[in-house]
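Visitor: Quick one, fold the following:
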Amino acid sequence: MQDYFRKTIKMSIQLLSISHKTARASLRGRFVFDSEQTKDILKQLTEPDGQQENTGIEEAVLISTCNRTELYCSGTPENQNFIRMQHVLLAAAGIEKNSETHMAALDALRRFSDKNAIHHLFCVAAGLDSAVLGEDQILGQVRNAYFLAMESGYTKTTFHCLFQSAITAAKRMKTDTILSKSSISTAGLALKTAMECQQDLPVKNVMIIGASGKIGSIVLKDALDFQGLNIFITARHELPHPLHGQDMRYTVIPYEKRYEYMPDMDIVISATASPHYTVMKEHFLAQNPPVKKRVLFDLAVPADIEPEMSQVPETVCYSMEDMQELARQNNAAKLEALPKAKAILSKYEEQFVKNMAFGEALPAIAALSERAQEALEQESAYSLVHKFVCQAKKNCDADEFVQFTKILNKIVEVEV
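Guide: Numbers count the residues shown, from 1 in each chain. Below is the predicted model:
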């Protein structure tokens, strides 16, 4: 399929990826970009910088989450595009050339081209490449990244078709397999694990820091499904009331007073976009907290919870790094659905390649139609088709011509 893609599609697709599979959270955190930074990166990639008339990249989409950063580009030539993509991405991450971090980033970055890049995007959108197999948030993140690039003018026909196909395939997979029915989000898995850690003790009080953000709001939604919990939420920014259309079954506390409430908490989950710690050992101990079992879960990149919090007696701390093992255990229950899920994605992938190939073939179809019209005025239809097949025989190698004849028989449904 890769060779077929290269021969058929004129536009090359490149992907530069760094994820939980290749890099630790501390390195991935360097590649987390907000919407304005994302648009600046896309602009640098696609627009001339004054030193050259054309960057070689015609379209670009950047997916940036706490678990992965993926830069998709289309254009030619392939190798020069990868060099430019890598240069712009590392510069945006503030990584100096030849530094120790630079070498680590080069080792963690993965390159994908054409069919492999397409396949990777379909898997990512469907949650098959996530730490939590089949997670739901990534589909929204892919959609948002595509919309941002589209609204900013950095996508054209190829990426419109590609991302819309990947999103549609992911939706179908979630509808037709148990992956979506049994899937649990990274946020939900964190809450479930924290509850299990406290299973020998009654869990009453849960604090969610960053409840106004994407991950924090998902944690809150999952927490509301548990009966008998006293839920306390806070965030640096103003929280909407009520969240998720729910009744007020939680208490909103001022962010600056969060430490005053922490001693009474059984579970604290933090998921903010802050570059600073939201929970620090020194400030926590200043409240003279009782010695009791409590669980702290850090769902942020960069980290929200100071590592020294694990030194507090009876305190169990989880970080994003711990999610991989937790996710592995959770994924085991979903493996049976993988063959069907992959078959659905493969069907949509092939349809995308066919659609792109058809678009590339339209000029040839028009030219062939014109020749056919002229030839039919002078000879029979059989003679015309016979010449067409002979021309294919002349211009194709043996393997290509065998495939051509098989396709010809499929078109006319002749048994061979």
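
Visitor: how about Ala273, what does it touch?
Guide: Applying CB atoms under 8 Å, 6 or more residues apart in numbering, we find Ala273 in contact with Asp34, Gly210, Gly213, Ala300. Backbone N, C-alpha and C define where each C-beta goes, glycine included.

Visitor: now Thr158
Guide: Met11, Ile13, Glu58, Glu59, Ser74, Met356.

Visitor: Which two among the residues you listed are spaced furthest apart?
Guide: The distance between the two most remote of those (CB to CB) is 14.2 Å, for Glu58 and Met356.

Visitor: Counting neighbours, which of the contacts of Ala273 end up buried?
Guide: Gly210, Gly213, Ala300 (16 or more other CB atoms under 10 Å).

Visitor: Save those residues as JSON lines, and put in pLDDT, distance to Thr65 and secondary structure too.
Guide: Converted to JSON lines, the buried ones among the contacts of Ala273 look like this (pLDDT from 0 to 100; distance: CB to CB, whole Å; DSSP: H, G, I helix; E, B strand; the rest coil):
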{"residue": "Gly210", "pLDDT": "91", "distance to Thr65": "15", "secondary structure": "coil"}
{"residue": "Gly213", "pLDDT": "84", "distance to Thr65": "12", "secondary structure": "coil"}
{"residue": "Ala300", "pLDDT": "88", "distance to Thr65": "12", "secondary structure": "coil"}
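
Visitor: Of those residues, which is the nearest to Lys387?
Guide: Comparing those against Lys387 with CB to CB places Gly213 closest, at 65.5 Å.

Visitor: That closest one and Ala190: what is the separation?
Guide: Per CB to CB, to the nearest Å, Gly213 is found 14 Å from Ala190.

Visitor: just to revisit the earlier point, out of the buried ones among the contacts of Ala273, who's nearest Phe352?
Guide: Closest to Phe352, out of all of the buried ones among the contacts of Ala273 and judged by CB to CB, is Gly213, at 32.9 Å.

Visitor: thinking again about what came up before, helices - which of the contacts of Thr158 land there?
Guide: Met356 (DSSP state H).

Visitor: Lowest-confidence one in the contacts of Thr158?
Guide: Among those, Met11 carries the weakest pLDDT, at 61.

Visitor: returning to that earlier point: which of the contacts of Thr158 fall in strands?
Guide: Among those, the residues falling in strands (DSSP state E) are Ile13, Glu58, Glu59, Ser74.

Visitor: Specify the beta-bridge partners of the third one.
Guide: Note on Glu59: beta-bridge partners by DSSP bridges are Ser74.

Visitor: That one - how many residues pack around it?
Guide: Number of residues near Glu59 (other CB atoms under 10 Å) recorded here: 24.

Visitor: so it makes contact with Gly153?
Guide: No. Checked against CB atoms under 8 Å, the pair Glu59 and Gly153 is beyond contact range at 9.9 Å.

Visitor: Tell me which residues touch Glu349, please.
Guide: Residues Ile118, His119, Phe122, Ser165, Ala169 are the ones in contact with Glu349 under the rule CB under 8 Å, 6+ apart.

Visitor: please redo it, this time with the cut-off set to 10 Å
Guide: Taking CB atoms under 10 Å, 6 or more residues apart in numbering as the criterion, Glu349 is in contact with Met1, Lys115, Ile118, His119, Leu121, Phe122, Cys123, Leu162, Ser165, Ala166, Ala169, Lys342.

Visitor: Run through the stretch 1-150 of the chain and note the low-pLDDT ranges.
Guide: 1-11, 49-54, 77-79 (pLDDT under 70).

Visitor: Give the intersection of the neighbour lists for Glu59 and Gly153.
Guide: Both Glu59 and Gly153 are contacted by Leu42, Thr46, under the criterion CB under 10 Å, 6+ apart.

Visitor: Could you single out the nearest of the ones in strands among the contacts of Thr158 to Val316?
Guide: Checking those against Val316 by CB to CB gives Ile13 as the nearest, at 44.2 Å.

Visitor: any chance you could map the strands in the stretch 101-250 of the chain?
Guide: With DSSP state E, counting those that start in this stretch as the criterion, the stretch 101-250 of the chain has strands at 110-113, 205-209, 230-234.

Visitor: now for the last one, which elements pack on it?
Guide: Strand 230-234 is packed against strand 205-209, helix 214-223, strand 251-252, helix 258-261, strand 267-270, with contacts defined by 3 or more CB pairs under 10 Å, 6 or more residues apart in numbering; DSSP states H and E.

Visitor: Counting by contacts, list what the shortest one packs against.
Guide: I take that to be strand 251-252. strand 230-234.

Visitor: in its sheet, what does the strand it packs on sit against?
Guide: Strand 230-234 pairs in its sheet with strand 205-209 (parallel), strand 251-252 (parallel), by DSSP bridges.

Visitor: And the first one, what's buried?
Guide: Going by neighbour count (16+ other CB under 10 Å), the buried part of strand 205-209 is Asn205, Val206, Met207, Ile208, Ile209.

Visitor: Give me the nearest residue to the fourth one, chain neighbours excluded.
Guide: To tie it back to what came earlier, the one meant is Ile208. Nearest non-adjacent residue to Ile208, counting by CB to CB, 6 or more residues apart in numbering: Ile233, 4.8 Å away.

Visitor: And the next helix or strand past the strand or helix carrying His386?
Guide: Element membership for His386 (DSSP states H and E) is helix 381-395. Scanning forward in sequence from helix 381-395 by DSSP H and E, the next helix or strand is helix 398-412.

Visitor: Now that next one: average pLDDT?
Guide: 83.

Visitor: ok and that helix relative to helix 381-395, angle-wise?
Guide: Angle of helix 398-412 versus helix 381-395, following axes from the mean of the first three to the mean of the last three CA atoms, to 10 degrees, is 150 degrees.

Visitor: All good on my end, thank you.
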